[in-house]
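Chemist: structure, please.
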Amino acid sequence: MFVDQLKKLFKSNETKPHGQHRTHTLISPYTQQRERGVVLLGVISDLSIGWNRGRQGAKEGPSSIRRILPHTHSHSKLPLYDAGDIEALNDDMNFSSLSQQQAQALSAILKAGHFPIVLGGGHEISIASYQALSDHAAEIAHTHTEWLVPETNTSSAGYNSESLENTSMQPCQARVGIINFDAHFELRPTLAVRSGSAFHSALCYSKEQHREFHYLGLGICDHANSQAMFKLAEDLGCEWLLDSQMTSRNKKAVQAKLDKYIDSVDVIHLSIGLDVFSASIAPGVNMTQMQGVGLPMVEWAIKHIMASGKVKLVDIAELNPEYDYANQTAKLAAKLVQQISRNLFQC
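Modeler: Presented below is the predicted three-dimensional model:
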């Protein structure tokens, strides 16, 4: 009798309909795109080696996230495409070539109407992300007069599926704003691209193109940045909130800061350095943090930012699989990809 019960049990498991897994993420090759959707682009780069006491291994980040994504549950109505990886070696000349390839790929993705999510890799992947989005925004501003944005302001209660119907047209400009979830400013001045200099390179590019530079850092760690770096950020007109300020008790102040910043820009480049989290939930990063920002707070902030409809590109950086126990950080990154896809206002 016991054997018969076991047979029934295993038989029932084998005959479960495949529809039970229909919410798992289906990722299609970018070459098979048929409609607008979310496009993953991996960038295999790691310039942290030997600089800023970083740890080698971040260039394996994209493949680590990809292994997790198909096993996560997707609630997005948009298709998910994979555009593959761009790879370079760890020297300036090769990185320059990689950055150019990345910018070209992202420009094509944006022009096709897709929403790109760039997977890193070190935070230097944000350089080409910013350049591509800045050029795209400038082109749109030159050829169009208005953006389509939600009528509801950023203080509304998160994302609403009905917000697609409640839209209005607003004057189109090329004010690209960076919102960087990170323990570090990434504003270190260097002649060549180095770890910690991603958004200083973005600043230089904006100056070359005679465009405004807007930056908001969320989760900045005062122990991980020198006083000179804080002074530099202030002199550059950058804004930030410390990790100690990014708490649920301080949510009203955080929301006010976000709303004011979002209203001051037209397009948002959302960048997430996974070292913004504490080492307890994100051990697999180039530089771990003891405190960091809690996941619920980051998820709330991302949802609030995405509800503005101004986010046009996201990159996720600093995943280092070599130190990622049980793929904990890769699972966190995959969860963020799903949240961003789910809360897209439009593609």
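Chemist: can you map out the helices along the stretch 51-200 of the chain?
Modeler: 61-68, 92-111, 125-143, 198-208 (DSSP state H, counting those that start in this stretch).
Chemist: and the shortest one, how far out from the chain middle?
Modeler: Mean C-alpha position of helix 61-68 versus that of the full chain (Cα atoms, centre = their mean, to the nearest Å) differs by 15 Å.
Chemist: in JSON lines, list the helices of the stretch 51-200 of the chain along with distance to residue 242 and mean neighbour count.
Modeler: C-beta here means a position set from N, CA and C on the backbone, and glycine is covered the same way. Formatted as JSON lines, the helices of the stretch 51-200 of the chain follow (distance: least, Cβ to Cβ, whole Å; neighbours: other Cβ atoms under 10 Å):
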{"stretch": "helix 61-68", "distance to residue 242": "26", "mean neighbour count": "22"}
{"stretch": "helix 92-111", "distance to residue 242": "30", "mean neighbour count": "18"}
{"stretch": "helix 125-143", "distance to residue 242": "21", "mean neighbour count": "22"}
{"stretch": "helix 198-208", "distance to residue 242": "17", "mean neighbour count": "20"}
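Chemist: residue 177 is nearest to which of those?
Modeler: For those, distance to residue 177 was read as Cβ to Cβ. The smallest value, 10.1 Å, belongs to helix 125-143.
Chemist: what packs against the closest one?
Modeler: Packed against helix 125-143 by the contact rule (3 or more Cβ pairs under 8 Å, 6 or more residues apart in numbering; DSSP states H and E) you find helix 92-111, strand 115-119, strand 176-181, helix 198-208, strand 267-273, strand 311-317.
Chemist: where in the stretch 201-347 of the chain is pLDDT low?
Modeler: 345-347 (pLDDT under 70).
Chemist: do a quick rundown of the strands in it.
Modeler: Secondary structure of the stretch 201-347 of the chain (DSSP state E, counting those that start in this stretch): strands at 214-220, 239-242, 267-273, 311-317.
Chemist: which one of those strands lies nearest to residue 300?
Modeler: strand 214-220 (11.4 Å).
Chemist: report the buried residues of the closest one.
Modeler: 214, 215, 216, 217, 218, 219, 220 (16 or more other Cβ atoms under 10 Å).
Chemist: again, but for stretch 182-195
Modeler: Those buried within stretch 182-195 under the rule 16+ other Cβ under 10 Å are 182, 183, 184, 185, 186, 187, 188, 193, 194, 195.
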